[in-house]
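**Student:** Attaching a predicted model along with its sequence, questions to come.
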Amino acid sequence: MRRTNLTATDREWLQRLGKNLDDLIKKKGYKSPYDFWVNKAGDHLSRSALNYVLTGKTDPKATTLRILARLLDVKPSKIVDLDD
């Protein structure tokens, strides 16, 4: 979860990933990421872990992305597909 060696481009990418995840959560019918966490993700990851990903404050592990994808019923690539 360390970000010390990330470039500005990496940090921007993480913020875009968080925005993409937020959009996916809402497209799945949740009113907010908090609604998603309460109703689906709370048993699988902490609220702070979800918030760190959503705000681009962490570089999530592949397993975290896989869990989120499973909970949202999408492929993990859908979360990281940012049209670079």
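**Tutor:** Thanks, I have the structure now.
**Student:** Now tell me what touches the longest helix seen in the chain from outside.
**Tutor:** Longest helix of the chain, by residue count under DSSP state H: helix 8-27. Contact partners of helix 8-27, identified using CB atoms under 8 Å, 6 or more residues apart in numbering, comprise 3, 6, 32-33, 36, 53-60, 68, 72, 74, 78-82, 84. (Each C-beta comes from the backbone N, C-alpha and C, glycine too.)
**Student:** What about the residues you listed, which are in helices?
**Tutor:** Filtering these for membership in helices, criterion DSSP H, returns Pro33, Phe36, Val53, Leu54, Leu68, Leu72, Lys78, Ile79, Val80.
**Student:** before we move on, the earlier item: buried by neighbour count, from the contacts of helix 8-27: which ones?
**Tutor:** Taking 16 or more other CB atoms under 10 Å as the criterion, what is buried in the contacts of helix 8-27 is Pro33, Phe36, Val53, Leu54, Gly56, Thr58, Asp59, Pro60, Leu68, Leu72, Ile79, Val80.
**Student:** Reformat these as TSV; add distance to Trp13 and pLDDT.
**Tutor:** Shown next, in TSV, are the buried ones among the contacts of helix 8-27 (distance: CB to CB, whole Å; pLDDT from 0 to 100):
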residue	distance to Trp13	pLDDT
Pro33	19	94
Phe36	22	94
Val53	12	95
Leu54	14	96
Gly56	8	94
Thr58	13	92
Asp59	9	93
Pro60	12	94
Leu68	16	95
Leu72	20	96
Ile79	12	92
Val80	9	90
